[in-house]
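**Student:** Next one to model:
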Amino acid sequence: TDHANSLKDLDLDDDSLPLQRSLGLNWDLQTDCFMFSVSDNVKPYTRRGVLSTVNSLYDPLGFVAPVTIQGKAILRELTTEKGDWDSPLPKDMEQIWESWRESLSQLSGFSVPRLYTQTSPSEAYRRELHVFCDASIKAIAAVAYLRVIDTHGNCCVGFVMGKAKLAPRPEMTMPRLELCAAVLAVELADLVSAEMDLQLHTMSYHSDSKVVLGYIYNENRRFYVFVSNRVHRIRKSSLPNQWHYVPTDQNPADHATRSVAAGHLKNTNWLSGPRFLVSPEPSINNDTFELVDPVSDPDVRPWVSTLSTTVSSKNIGSERFTKFSAWNSVTHTMARLLHIAKMFSTAKREDQSCKGWHCCKTKVTVKEIDQVANIIVRTVQEEIYAEEIKCIQKQERIPKGSPLYRLDPFIDKDGLLRVRG
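**Tutor:** The predicted structure follows:
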């Protein structure tokens, strides 16, 4: 109703359109642009005064996020130590604070068109959302642009929304910060796509960190919890092939991570986006990305290989015996293997020194030699007389073509094939 009262007597032919105000953000109806209103009141150099000044600049869409992030960083540095809200802050930071506060006056002439693009997005032939992200030790940032192409192939790019946050404390590694920025990018894209009443044909994400792109594209290795949770969040809202590499000097999100003076913001590509987006066929890198040095990356779990052995036959195989030149050699070797096998399967052992694989110094016993001899003979018999042994076990007649047909063969208590003659 307040806005209606100021407009009801307005003569659109002769009167100039008024300036609409909302929490420090102004809408100039004449130029159809958003403008910023910066208060001239100088607040005291205290915790309360600094917080009031930083929050006085209302910027819900992030038009001047590269400027306001510097004020938030100064506020963090000034309030690291506990103190009273109205007590004076350290003098060594006062000049930096005053310089930033005074630079805000340059935003008074700063304006941003209300329209995304000159071409109506609802009537465009193609609509794309491009989100860029970046990080530094000071801040993480993401910024979204709407790219529209009309039926004649003309391309327009417009700023949609930007976000900048101070880097988490305690300090993290750069790959982790870049990953947090990528999470911010998908969160920003989810918000924009949900609130924008437009059907988008594609959504693309751009990062200048090949380490993070390797994390997102990874299909083979596992990560520790921090990286794993954030990669899962990113892939919940996007596919790996939607992520592309952009050089740092073309990444507009870089401005919000390093802060820009208010007077220089209009000279950056923060509001206009990178130049390659304006091209009808932008040169976007469509490569796939591998993990960067996963062996030394502390966030990548070590590669663990496991081997499995499948035994295709329970028989030893008589071909193993041909490697020995004498009967004593094969029997003593087999006796040692039999002894070691028992050490793996026997729960209680008389000799505690014999355990698992070991070099046994005890002598081979006659009993072990006899057992091995039976094993060797039985192995050979099972290969040569396999059919005859099966017939005897099934209590069937032996085939007439067998050389054992007339010898009345049988199997003794040790499993050996014998004949009666």
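**Student:** Does P60 lie in a helix or a strand, and which?
**Tutor:** Per DSSP states H and E, P60 falls between elements, in no helix or strand.
**Student:** and what of F63?
**Tutor:** Assigned by DSSP H and E, F63 falls within no helix or strand.
**Student:** isn't it right up against V112?
**Tutor:** Yes - at 5.0 Å, F63 counts as touching V112 under the criterion of C-beta atoms under 8 Å. Yep, even glycine has a C-beta here, placed from its N, CA and C like the rest.
**Student:** Please verify my assumption that V157 contacts I149.
**Tutor:** No - assessed by C-beta under 8 Å, V157 is found out of contact with I149, at 10.2 Å.
**Student:** who has more neighbours, those two?
**Tutor:** V157 (22 against 17; other C-beta atoms under 10 Å).
**Student:** Show me what the more buried one is bridged to.
**Tutor:** Using DSSP bridges, the beta-bridge partners of V157 come out as R147.
**Student:** ok, it to F132 distance?
**Tutor:** Distance, V157 to F132, using C-beta to C-beta, to the nearest Å: 12 Å.
**Student:** Quickly list what's touching both of the two.
**Tutor:** Common neighbours of V157 and F132, using C-beta atoms under 8 Å, 6 or more residues apart in numbering, are Y145.
**Student:** Model confidence for T1, exactly?
**Tutor:** Looking at T1, its pLDDT is 50.
**Student:** these two touch, right, Y116 and F159?
**Tutor:** Yes - assessed by C-beta under 8 Å, Y116 is found in contact with F159 at 7.4 Å.
**Student:** which stretches of the chain form strands?
**Tutor:** 19-22, 25-28, 33-36, 111-113, 126-135, 139-149, 155-166, 202-207, 243-245, 409-411, 417-419 (DSSP state E).
**Student:** any idea of the mean pLDDT for the fifth one?
**Tutor:** Strand 126-135 shows an average pLDDT of 95 in the prediction.
**Student:** next one: the fourth one
**Tutor:** Per-residue pLDDT values across strand 111-113 average out to 89.
**Student:** Tell me which residues of that strand come out buried.
**Tutor:** Residues S111, V112 are the ones in strand 111-113 that count as buried (16 or more other C-beta atoms under 10 Å).
**Student:** which helices and strands does that strand pack with?
**Tutor:** strand 33-36 (3 or more C-beta pairs under 8 Å, 6 or more residues apart in numbering; DSSP states H and E).
**Student:** For the nearest residue to F289 once chain neighbours are set aside, give me the pLDDT.
**Tutor:** The shortest distance from F289 to any non-neighbouring residue, by C-beta to C-beta, 6 or more residues apart in numbering, is to L213 (4.0 Å). Listed pLDDT for L213 reads 96.
**Student:** And W97, by the same measure?
**Tutor:** pLDDT, W97: 90.
**Student:** ok, it touching L78?
**Tutor:** Yes - between W97 and L78 there is a contact under C-beta under 8 Å: 7.1 Å.
**Student:** what do these two both touch?
**Tutor:** In terms of C-beta under 8 Å, 6+ apart, W97 and L78 are both contacted by the residues V50, L89.
**Student:** Would you mind listing where the chain has pLDDT under the threshold?
**Tutor:** By pLDDT under 70, the weakly predicted segments of the chain are 1-17, 22-24, 283, 311-315, 345-358, 421.
**Student:** Convert the longest helix belonging to it to PDB, retaining C-alpha atoms only.
**Tutor:** In the chain, with assignment by DSSP state H, the single longest helix is helix 174-195. Output in PDB follows, covering the C-alpha atoms of helix 174-195 (Å, rounded to 0.1, in the frame of the first residue of the first chain):
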ATOM      1  CA  MET A 174      43.200 -25.700  -0.900                       C
ATOM      2  CA  PRO A 175      41.600 -28.800  -2.500                       C
ATOM      3  CA  ARG A 176      39.200 -29.000   0.400                       C
ATOM      4  CA  LEU A 177      38.300 -25.300   0.100                       C
ATOM      5  CA  GLU A 178      37.800 -25.700  -3.600                       C
ATOM      6  CA  LEU A 179      35.500 -28.700  -2.900                       C
ATOM      7  CA  CYS A 180      33.500 -26.500  -0.500                       C
ATOM      8  CA  ALA A 181      33.200 -24.000  -3.300                       C
ATOM      9  CA  ALA A 182      31.900 -26.700  -5.600                       C
ATOM     10  CA  VAL A 183      29.200 -27.600  -3.000                       C
ATOM     11  CA  LEU A 184      28.200 -23.900  -2.800                       C
ATOM     12  CA  ALA A 185      27.900 -23.900  -6.600                       C
ATOM     13  CA  VAL A 186      25.400 -26.800  -6.700                       C
ATOM     14  CA  GLU A 187      23.500 -25.300  -3.800                       C
ATOM     15  CA  LEU A 188      23.300 -22.000  -5.700                       C
ATOM     16  CA  ALA A 189      22.200 -23.800  -8.900                       C
ATOM     17  CA  ASP A 190      19.500 -25.700  -7.000                       C
ATOM     18  CA  LEU A 191      18.200 -22.400  -5.500                       C
ATOM     19  CA  VAL A 192      18.200 -20.500  -8.800                       C
ATOM     20  CA  SER A 193      16.500 -23.400 -10.800                       C
ATOM     21  CA  ALA A 194      13.800 -23.800  -8.200                       C
ATOM     22  CA  GLU A 195      13.000 -20.000  -7.900                       C
END
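**Student:** Could you give me the buried positions within that helix?
**Tutor:** 175-189, 192.
**Student:** OK, contacts around the nearest residue to S228 once chain neighbours are set aside?
**Tutor:** Nearest residue to S228 in three dimensions, chain neighbours excluded: R222, at 7.2 Å (C-beta to C-beta, 6+ apart). Contact analysis of R222 by C-beta under 8 Å, 6+ apart lists S228, V300, R301.
**Student:** Which of those residues ranks first by neighbour count?
**Tutor:** In the contacts of R222, the most neighbours by other C-beta under 10 Å go to V300, 20 neighbours.
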